[in-house]
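> have a look; sequence and predicted model below, questions after that.
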Amino acid sequence: MFFPISGAHISPIYLVIVGFLVGILGGFFGVGGSFIAGPALRLVGLDWNFAVGTDLAHIVGKSVVAAKRHRALGNVDLRLGLIMAIGTIAGAEAGAQLIQMLKRAGNVNLIVSIVAIVVYLSISAFMLWESQKTLRSQKRRSSKEKVKGAIAKRDKSAFGPATRAIQRLKIWPMIALPTSGVKAISLWMILLVAFVGGVFGGFRRRWLHPDAVDGLCARDSHSPGGGH
Amino acid sequence: MKQGTARTLRAFAIELGIYALLVTGYFFLVLHLLGGWLYGLEVHHRYTYASVAILLIIGQAVVLESVTTLLLRLIRGRSE
């Protein structure tokens, strides 16, 4: 099938399969867009600017549906989401500006590569440790405490001690998140987490697709009808 | 396979089938009715095109998902 705007020939079946995989990952883990959709579109010959732009656009639809479904299941804390949106937007802009600074300094590739390797390895190691600890504690709990029909009073995941330590930090203002079951937590902690996530998001997107973003700006300024 | 799991998988397969049909129909409808206009919009008014494209994507996601859920409720209501 020919797509005139991007000028690419792509099999619709391929797009359906990729979309399906991205949707499943997104609904399950909350991620999957840029990691799979962007490179998958690039693989079939789409230019980076179209791959990035299309990826970003499709994430909107996917996220709305997934969030709607999670909300129906009672998994969405709107207050937390709104607070995190503020932090994430600020962080994404900061991340994009940071990488522009590095680009002007002339050593963006080396620094970003090192940062990306360190961050991804750290996240992988942390997730592995957390999964192992959670599985071990659940095995111990199931062999000692399991009673048919009983409901666990406390989450026995590896995050437990860290979560309690964070919630004990009394940095004003403190807010309650009743939907998530959090009695009190510092607003700054939520904003910090969202900001850091946003920084890496803005950093990574600008780094992974610099030509895409630069190409988009160039196309915009040179095109007959668009841009300013 | 447990009965509960089999029932969940069957419901998922039916929902997927209905949603796939609706998305395919929506895609060809938009392509046929709006394809030319969207292409012209992209060439001459890119920012408007971007807004319309995102609205179409959100509309497709929300409306089709709601229609699928409604159809499933009707099917389940008739089968019970």
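Right, received. Where do you want to start? Numbers count the residues shown, from 1 in each chain, chains lettered A, B, ... in the order given.
> what about the nearest residue to B:V30 once chain neighbours are set aside, how many residues nearby?
Leaving out its chain neighbours, the residue that sits closest to B:V30 by CB to CB, 6 or more residues apart in numbering or on different chains is B:L56, at 6.6 Å. (Glycine included, C-beta is placed from N, CA and C.) Per other CB atoms under 10 Å in any protein chain shown, the neighbour tally for B:L56 reads 16.
> and the gap between B:L56 and A:G61?
Look at B:L56 and A:G61: by CB to CB, to the nearest Å, they are 9 Å apart.
> what's the answer for B:E65, then?
10 Å.
> just checking, what packs against the strand or helix carrying A:W129?
Here A:W129 sits within helix A:108-144, counting by DSSP states H and E. Contacts defined by 3 or more CB pairs under 8 Å, 6 or more residues apart in numbering or on different chains; DSSP states H and E place helix A:108-144 against helix A:78-105, helix A:187-208.
> in a markdown table, list those along with distance to chain B, mean neighbour count and mean pLDDT.
Shown next, in a markdown table, are those (distance: least, CB to the nearest CB, whole Å; neighbours: other CB atoms under 10 Å in any protein chain shown; pLDDT from 0 to 100):
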| stretch | distance to chain B | mean neighbour count | mean pLDDT |
| --- | --- | --- | --- |
| helix A:78-105 | 17 | 16 | 85 |
| helix A:187-208 | 17 | 19 | 78 |
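> which one of those helices lies closest to A:W48?
A:W48 sits nearest to helix A:187-208 of all the helices and strands packed on helix A:108-144, at 8.9 Å, using CB to CB.
> what's in contact with stretch A:6-13?
A:M1, A:F2, A:F3, A:L41, A:V44, A:G45, A:L46, A:D47, A:F50, A:T54 (CB atoms under 8 Å, 6 or more residues apart in numbering or on different chains).
> hmm, try it at 7 Å
A:M1, A:F2, A:F3, A:V44, A:G45, A:L46, A:F50 (CB atoms under 7 Å, 6 or more residues apart in numbering or on different chains).
> can I get that stretch in CSV, CA atoms only?
Presented in CSV, the C-alpha positions along stretch A:6-13 are these (Å, rounded to 0.1, in the frame of the first residue of the first chain):
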residue,chain,number,x,y,z
SER,A,6,5.5,9.9,3.5
GLY,A,7,6.0,8.5,0.0
ALA,A,8,6.5,4.9,1.3
HIS,A,9,5.1,1.6,0.3
ILE,A,10,4.3,-0.4,3.4
SER,A,11,2.3,-3.6,3.8
PRO,A,12,-0.8,-3.0,5.9
ILE,A,13,-0.5,-6.4,7.5
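> surely A:A184 meets A:A176?
Yes - using CB atoms under 7 Å, A:A184 makes contact with A:A176 at a distance of 5.7 Å.
> look up how far A:G38 lies from A:V64.
19 Å.
> and those two? Which one has more around it.
When neighbours are counted by other CB under 10 Å, A:V64 and A:G38 differ, and A:G38 comes out ahead with 22 against 16.
> the one helix or strand that one maps to - what's its average pLDDT?
For A:G38, the element it lies in under DSSP H and E is helix A:38-43. Mean pLDDT, helix A:38-43: 81.
> give me the contacts around it.
In contact with helix A:38-43 (CB under 7 Å, 6+ apart) are residues A:V18, A:W48, A:A51, A:V52, A:T54, A:D55.
> of all these, which comes closest to A:V115?
A:V52 (20.1 Å).
> tell me the spacing between the closest one and A:F126.
Distance from A:V52 to A:F126, by CB to CB: 28 Å.
> who has more neighbours out of the two?
Using other CB under 10 Å, the more surrounded residue of A:V52 and A:F126 is A:V52, with 24 against 11.
> pretty sure B:E42 contacts A:I5?
Yes - counting by CB under 7 Å, B:E42 touches A:I5, with 5.3 Å between them.
> quick check, stretch A:53-66 touching chain B?
Yes - applying CB under 7 Å from any CB of the partner chain, one finds stretch A:53-66 touching chain B at A:A57, A:H58, A:V60, A:G61, A:K62, A:V64, A:V65.
> where does the chain have low pLDDT?
No chain in the question, so chain A it is. A:27, A:30-34, A:108-109, A:141-159, A:202-228 (pLDDT under 70).
> not quite, go with chain B.
In chain B, residues with pLDDT under 70: B:1, B:78-80.
> now do 50
For chain B, no stretch is flagged by pLDDT under 50.
> who in it is up against chain A?
So far as CB under 7 Å from any CB goes, chain B lies against chain A at B:39, B:42-44, B:46, B:53-54, B:57-58, B:60-62, B:65.
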